[in-house]
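# Just to be clear, the model below is a prediction. Sequence and coordinates:
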Amino acid sequence: MRAQVKALVRDHLKPGEFYKKRDEVGDGAFRRLARKCELELLYRVARADSLGRNAEYVPSEKWYTAEAQEWFITRARELEVSFTATGAYAAGRHLLEMGLEPGPRIGEITKAVYEMQLDGRVTTLEEARAAARSILES
């Protein structure tokens, strides 16, 4: 619970930041953020924070409004990453099955393939295996 609260506090401005750069923010950014904290909770914290900022000294920038928070949670729900992060398709055992020797290279490849998955470039186990083979060949 402590880690979740820390992540919510640390990232509570992310919904507004994502909104501000919404033309540049890809689906992978939402998936990466979901690995750190629950996006539904993050939305609630960000929304409460923005609604509580009515003092004269608080800038009323569009990126920090309720509109920004609603855009964020709508997009997160569309991507189905609002509650939990996506599990990796490829695991070390898959690389061992492909003939790779145990060692740090397995972790490097599974991480690279997972990043491709978060970006939407890998969507199945077979695609993950093909991506791993491609990395191995290069």
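It's in.

# Count the residues that sit near residue 26.
11 (other CB atoms under 10 Å). Using the backbone N, CA and C atoms, a C-beta is placed for each residue, glycine as well.

# And for residue 4?
For residue 4, the neighbour count with other CB under 10 Å is 13.

# Wait, it touches residue 39, no?
No. In this structure, residue 4 is not within contact of residue 39 by CB atoms under 8 Å, at 11.8 Å.

# can you pull out the helices in this protein?
In the chain, the helices defined using DSSP state H lie at 2-11, 14-20, 27-36, 39-51, 66-78, 92-97, 104-118, 125-137.

# Turn those into JSON lines, including mean pLDDT.
Converted to JSON lines, the helices of the chain look like this (pLDDT from 0 to 100):
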{"stretch": "helix 2-11", "mean pLDDT": "88"}
{"stretch": "helix 14-20", "mean pLDDT": "93"}
{"stretch": "helix 27-36", "mean pLDDT": "88"}
{"stretch": "helix 39-51", "mean pLDDT": "88"}
{"stretch": "helix 66-78", "mean pLDDT": "90"}
{"stretch": "helix 92-97", "mean pLDDT": "85"}
{"stretch": "helix 104-118", "mean pLDDT": "88"}
{"stretch": "helix 125-137", "mean pLDDT": "89"}
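
# Pick the most deeply packed of the ones you listed.
helix 14-20 (a mean of 21; mean count of other CB atoms under 10 Å).

# Convert the C-alpha atoms of that helix to PDB, please.
What follows is helix 14-20, C-alpha atoms only, in PDB (Å, rounded to 0.1, in the frame of the first residue of the first chain):
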ATOM      1  CA  LYS A  14       0.800  12.900 -15.100                       C
ATOM      2  CA  PRO A  15      -2.800  13.000 -16.300                       C
ATOM      3  CA  GLY A  16      -2.400  16.700 -16.900                       C
ATOM      4  CA  GLU A  17       1.000  16.300 -18.400                       C
ATOM      5  CA  PHE A  18      -0.300  13.600 -20.800                       C
ATOM      6  CA  TYR A  19      -3.200  15.900 -21.700                       C
ATOM      7  CA  LYS A  20      -0.900  18.800 -22.400                       C
END
